[in-house]
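Undergrad: prediction below, plus the sequence it came from.
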Amino acid sequence: MITMDDIVREGDPILRKVLDEVNMPPTEEDKAELRCMLQFLKNSQDPEIAGKCNLRAGVGLSANQIGLNKRMFAVYIADEDGEKAYTVFNPKLVSHSISMIYLPQGEGCLSVDRKVDGFVPRYERIKVKAYDLDGNEVLIKLKGYPAIVFQHEMDHLNGIMFYDHINKDNPFALPANTDIRSVYE
Ligand SMILES: COc1ccccc1NC(=O)N[C@H](C(=O)N(CC(=O)NO)CC1CCCC1)C(C)(C)C
Ligand SMILES: [Zn+2]
């Protein structure tokens, strides 16, 4: 079972690596690891398990955050209209909206044990081509909060941290000449 002890923290070089593609079809090992990552997110959102194991309520986890050099991540979002779980290999952003969004409270990261203030501009809508747990190619269309989570995780696969997107001069400045609005998760 993955716990916070297994989560790599900032400073570890693997968080700044461009990770390697996973050969398709995925091996049993690849699939087991990705399933474990999704289970961690579910556990972290279960008050009982999260309380017992001191887990931060996570909505997304990328492979390098548990020390694996593989282009894969899991996302688990449980909201009013049910739960959305994604386990993806080799995701590729195929298109995105011009309009952008950001979380008014900013972003955090399971690998960052400090608050980093500032707005993180993200595309409002994205289309992602990836491979699912069975190695089938899937096209995933997202908008709003789920799109933010996916972009946060895809950044991790390329060694990008959320705070790389925060304006250095004014963390709460929004990109000029951009259609951008705040969204709540
Ligand atoms: C059940 O949990 C929630 C319910 C409603 C709103 C928010 C959350 N949880 C989170 O946003 N959780 C964040 C998260 O998992 N991540 C993922 C991460 O660090 N991946 O590498 C950071 C988020 C910031 C924006 C998108 C992902 C942390 C860094 C605060 C743990
Ligand atoms: Zn993160």
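TA: Good, I have the coordinates. Ligands and ions are numbered 1, 2, ... in the order given.

Undergrad: mind checking which helix or strand residue 129 is in?
TA: In the assignment (DSSP states H and E), residue 129 maps to strand 125-131.

Undergrad: does ligand 1 sit close to that strand?
TA: No: if you take CB under 6 Å from any ligand atom as the test, strand 125-131 misses ligand 1, and the best it gets is 13.1 Å. The C-beta positions use only the backbone N, C-alpha and C, and glycine is treated the same way.

Undergrad: tell me the residues of this structure that contact ligand 1?
TA: 45, 56-62, 65, 107-110, 148-149, 152-153, 156, 185.

Undergrad: what do you get if the cut-off is 5 Å, keeping everything else the same?
TA: Proximity of the chain to ligand 1, by CB under 5 Å from any ligand atom, involves residues 45, 56-60, 107-110, 149, 152, 185.

Undergrad: which two of these have the greatest separation?
TA: For the residues of the chain next to ligand 1, the farthest-apart pair by CB to CB is 45 and 107; their separation is 17.6 Å.

Undergrad: neighbour count for the two, which is higher?
TA: When neighbours are counted by other CB atoms under 10 Å, residue 107 comes out ahead of the other of residue 45 and residue 107, with 20 against 17.

Undergrad: centroid-nearest residue for the chain?
TA: With distances taken as CA atoms, centre = their mean, the residue of the chain nearest its centroid is residue 153 (2.6 Å).

Undergrad: so what's the backbone phi/psi at that one?
TA: Main-chain torsions, residue 153, degrees, to the nearest 10: phi -70, psi -40.

Undergrad: what's the answer for the one 4 residues further on, then?
TA: Backbone geometry at residue 157, expressed as degrees, to the nearest 10, gives phi -70, psi -20.

Undergrad: got it, and residue 137?
TA: For residue 137, the backbone dihedrals (degrees, to the nearest 10) come out as phi -70, psi 130.

Undergrad: tell me what it is bridged to.
TA: residue 131 (DSSP bridges).

Undergrad: show me the contacts for it.
TA: Residue 137 makes contact with 129-131, according to CB atoms under 8 Å, 6 or more residues apart in numbering.

Undergrad: buried ones only from those residues, please, as a ChimeraX command.
TA: One line in ChimeraX is enough to select the buried members of the contacts of residue 137, burial here meaning 16 or more other CB atoms under 10 Å:
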select :130,131
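
Undergrad: let me know the closest of the contacts of residue 137 to ligand 1.
TA: Comparing the contacts of residue 137 against ligand 1 with CB to the nearest ligand atom places residue 130 closest, at 16.4 Å.
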